[in-house]
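> Structure here, sequence nowhere to be found:
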Ligand SMILES: CC(=O)SCCNC(=O)CCNC(=O)[C@H](O)C(C)(C)COP(=O)(O)OP(=O)(O)OC[C@H]1O[C@@H](n2cnc3c(N)ncnc32)[C@H](O)[C@@H]1OP(=O)(O)O
C-alpha cells in the first residue's frame, strides 16, 4: 500500500513536473520591436505601413522596468499620427493572448501614457483630416510673427519668412498659457515624449513659457490659407539677477520629415532674434543633446565670425600659437579670452559665456593655417583648456582622480572626477605612475574628441560662409 501510494505520488509529481516543463515561459517582446509610429498628412495614408515611420528615442521606457510587453502572440502595434491635428489612431494586431507568468500587458493604458488625449478611434481619426484642417491656422491667428535675420531667409523684402516645398515658412511666437495654445501643445506632447531624449510635459499654466512654432502656410484648393506645424521650441523666461531675463530653450523639435532643411537653425535664430530685440541677458538650452550643441556651435560661431571687437583677442592667441614650441604654463595663462571680450559678445549676440568659450576654440582654429606646424601648438592649447575644465592635473598628489565610468546613454565616454578619501597614493591597486598614466590616456581621448568636434564645426561654418 505505501509503495502504491508512493508510486501514485511519484506519478503525480512527474505529471506536475511535465506540466511545469511544458508550460510556455513568456519572454516578452521589447516595445521598440513591435510598435511603429507613422506620420500621416491625409486619410489615404492611414492604415498604410509605407507612410513615414519615426524612430523614437526609447519606446521601451513606457513599458515597465524591462521595457517589454507580455502576454501576446505575434503582436504588432501600428500608430498613425496625424500631421494635421496631431491626433493618433492605434491598430493592435495579435494572434492570441496568454498568461505566461508575467500577466498580459495593458496596451491601452501604456499607449495612453504616450499619446494621452490625442488617442482616438479610426472612425473619428479619419474625420479629423477635413474637420481640423484649419486647427493650426486658428491657433496661430493670435500669434506674433518673429522677424529673423536667419541666413536662410530668402526674401530680402521681408526678414521673417523663407520657403520650403514652395510654401512660405514663418516662426510664430505664442504664450503657452493661452487656452488654444496649451491645447495644441498637449497634442504635440507625444512627439516630445517620443523624439526628445528625456522630454517631458512643461507646465502650460506658467505664464513664463513661450512656444515658437515654425509653420508652413499654403493655400488649399478652396483658396483657404492652411498652416502646418514643421517644428517648435518651448522657451522659458528665467529671472537673471538683478534686473534682466534669460531665455532658456526647454525643448526643440523639428518633425522628422522636415529635419536637415535648416528649420532647427531657423528656430534657434528666431529665439536669438527675440533675445536681442528685447534685450534679454542671454540664451541657454536645458540639457542640450550633442546634436543641438553642434548646431548651436555652428550658428554662434557663424555670428561671431565677422564681429570686429573680438578680432584682436583672436589674433593675439593665433600669433601666440604661431610662435613655436609653447610652454604649457604660457598656454594656460592665455587659455581664455578676457571677461571684457566675453561680455561684449554676450551683449551683442546674447551668447552665453559657456557657449562662447566653445565657439572661441573654433574661431581660433579657423584662423590657423592647417598646413602650418602651429597645429601642434593648437593641440597643446586645447589640451590645457580641457585639463583646466575637467581636472587640475597638479591635483593628482592631492588624490583627485578622473575615472571612466559606463553610462546608460549612447555616449562614447563618461568621466567622473573623484576625491579619494583613502589617504594612500595607491587608490586603484596600482602605483602613482600607473594612475597618472591612465589619467593621461583618458585626457588624451577627451582632447582628441574635443579637437574632432572643433574641426567638424569649423568645416561646417566655413562651408556655410562660402555658400552665404
Ligand atoms: C533642449 C533640447 O530640446 S535637446 C533635444 C533636441 N531635440 C531633439 O533631439 C529632437 C530630435 N531632433 C530634432 O528635432 C532636430 O534634429 C533638431 C531640432 C535638433 C535640429 O533640427 P534640424 O531642422 O534637423 O536642423 P537643421 O536642418 O537646421 O540643421 C541640421 C543640418 O542641416 C544643415 N543646414 C542648416 N541649414 C541648412 C541649409 N540652409 N541648407 C542645407 N543644410 C543646412 C546643418 O548645418 C546641419 O547639417 P549637418 O548635420 O550635415 O552638419
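Good, I have the coordinates. The model shown is predicted, which means the values in this text are computed figures rather than measured ones.
> tell me the SS of the closest residue to the ligand within the stretch 251-400 of the chain?
Residue nearest to the ligand within the stretch 251-400 of the chain (Cβ to the nearest ligand atom): residue 264, separated by 2.2 Å. The C-beta positions use only the backbone N, C-alpha and C, and glycine is treated the same way. Following DSSP: H, G, I helix; E, B strand; the rest coil, we place residue 264 in the helix state.
> In the chain, which residue is most central in space?
residue 289 (3.7 Å; Cα atoms, centre = their mean).
> If we ignore the residues flanking it in sequence, what's nearest that one?
Distance criterion Cβ to Cβ, 6 or more residues apart in numbering; nearest residue to residue 289, sequence neighbours excluded, is residue 197 at 5.9 Å.
> In three-state terms, how would that neighbour be classified?
Three-state assignment for residue 197 (three-state DSSP): coil.
> Return the residues in contact with the residue of the stretch 251-400 of the chain closest to the ligand.
The contact partners of residue 264, by Cβ atoms under 8 Å, 6 or more residues apart in numbering, come to 231, 252, 254, 292, 295.
> isn't the third one right next to residue 266, touching?
Okay, so that is residue 254. No: shown here, residue 254 and residue 266 do not form a contact pair, counting by Cβ atoms under 8 Å, at 9.1 Å.
> Quickly list what's touching both of those two.
Contact with both residue 254 and residue 266 is made by residues residue 214, according to Cβ under 8 Å, 6+ apart.
> Between the two ends of stretch 235-244, how far is it?
End-to-end distance for stretch 235-244: 16 Å, by Cα to Cα, to the nearest Å.
> Can you pull the residues of the protein lying near the ligand?
Neighbours of the ligand within the chain, by Cβ under 6 Å from any ligand atom: 152, 195-196, 249, 251-254, 259-265, 285-286, 288-289, 291-292, 295, 298, 460.
> Residue 79 belongs to a strand?
Yes: judged by three-state DSSP, residue 79 forms part of a strand.
> Confirm for me that residue 273 is in contact with residue 146.
Yes: look at residue 273 against residue 146 with Cβ under 8 Å: they come within range, at 6.0 Å.
> ok, the two, which is more surrounded?
Neighbours per residue (other Cβ atoms under 10 Å) separate residue 273 from residue 146, with residue 146 holding more: 23 against 20.
> what's the burial count for residue 350?
As a burial measure, residue 350 scores 25 neighbours (other Cβ under 10 Å).
> Just give the nearest non-adjacent residue to it, would you?
Using Cβ to Cβ, 6+ apart and skipping the chain neighbours, the partner closest in space to residue 350 is residue 275 (4.1 Å).
> would you list every one of the strands in the stretch 1-150 of the chain?
Remark: strands assigned in the stretch 1-150 of the chain by DSSP state E, counting those that start in this stretch are 29-30, 35-40, 52-53, 68-69, 72-73, 76-82, 88-93, 96-97, 144-145.
> Mean pLDDT added to those strands, as JSON lines?
Listed next are the strands of the stretch 1-150 of the chain as JSON lines, based on pLDDT from 0 to 100:
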{"stretch": "strand 29-30", "mean pLDDT": "97"}
{"stretch": "strand 35-40", "mean pLDDT": "98"}
{"stretch": "strand 52-53", "mean pLDDT": "98"}
{"stretch": "strand 68-69", "mean pLDDT": "98"}
{"stretch": "strand 72-73", "mean pLDDT": "96"}
{"stretch": "strand 76-82", "mean pLDDT": "98"}
{"stretch": "strand 88-93", "mean pLDDT": "98"}
{"stretch": "strand 96-97", "mean pLDDT": "96"}
{"stretch": "strand 144-145", "mean pLDDT": "96"}
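> For these, give me TSV that also has mean neighbour count.
Output for those, formatted as TSV (neighbours: other Cβ atoms under 10 Å):
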stretch	mean neighbour count
strand 29-30	17
strand 35-40	21
strand 52-53	14
strand 68-69	22
strand 72-73	18
strand 76-82	21
strand 88-93	18
strand 96-97	10
strand 144-145	14
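> picking that back up, would you agree the residue nearest to residue 289 is in contact with residue 291?
No: counting by Cβ under 8 Å, residue 197 stays clear of residue 291, with 10.0 Å between them.
> coming back round to it: for the residue nearest to residue 350, which residues are in contact?
Applying Cβ under 8 Å, 6+ apart to residue 275 gives the contacts 247, 282, 283, 350.
> That one: what secondary structure?
Secondary structure, three-state DSSP: residue 275 is helix.
> Now residue 128. Nearest residue, chain neighbours left out?
residue 85 (4.5 Å).
> now the helices for the stretch 301-450 of the chain?
Along the stretch 301-450 of the chain, counting by DSSP state H, counting those that start in this stretch, helices occupy 311-321, 328-333, 339-349, 353-366, 374-390, 432-467.
> re earlier: how close does the residue nearest to residue 289 sit to residue 56?
Applying Cβ to Cβ, to the nearest Å, the value for residue 197 to residue 56 is 10 Å.
> How many neighbouring residues does residue 110 have?
Using other Cβ under 10 Å, residue 110 has 18 other residues around it.
> and if you look at the one 5 residues further on?
By other Cβ under 10 Å, the residues close to residue 115 number 24.
> could we number from 826 for the rest of this?
Taking 826 as the first residue, the last one we looked at is residue 940.
> I figured it hits residue 1016, correct?
No: here residue 940 does not reach residue 1016: they are 9.9 Å apart, not a contact under Cβ under 8 Å.
> and for these two, which residues touch both?
Counting by Cβ under 8 Å, 6+ apart, the residues touching both residue 940 and residue 1016 are residue 906.
> okay, now the domains of the protein?
The record's domain parsing of the chain by automatic domain parsing lists 854-955, 958-1112, 1129-1215+1252-1292.
> Quick one: end-to-end distance for the second one.
Put plainly, it is domain 958-1112. Terminal-residue distance, domain 958-1112 (Cα to Cα): 35 Å.
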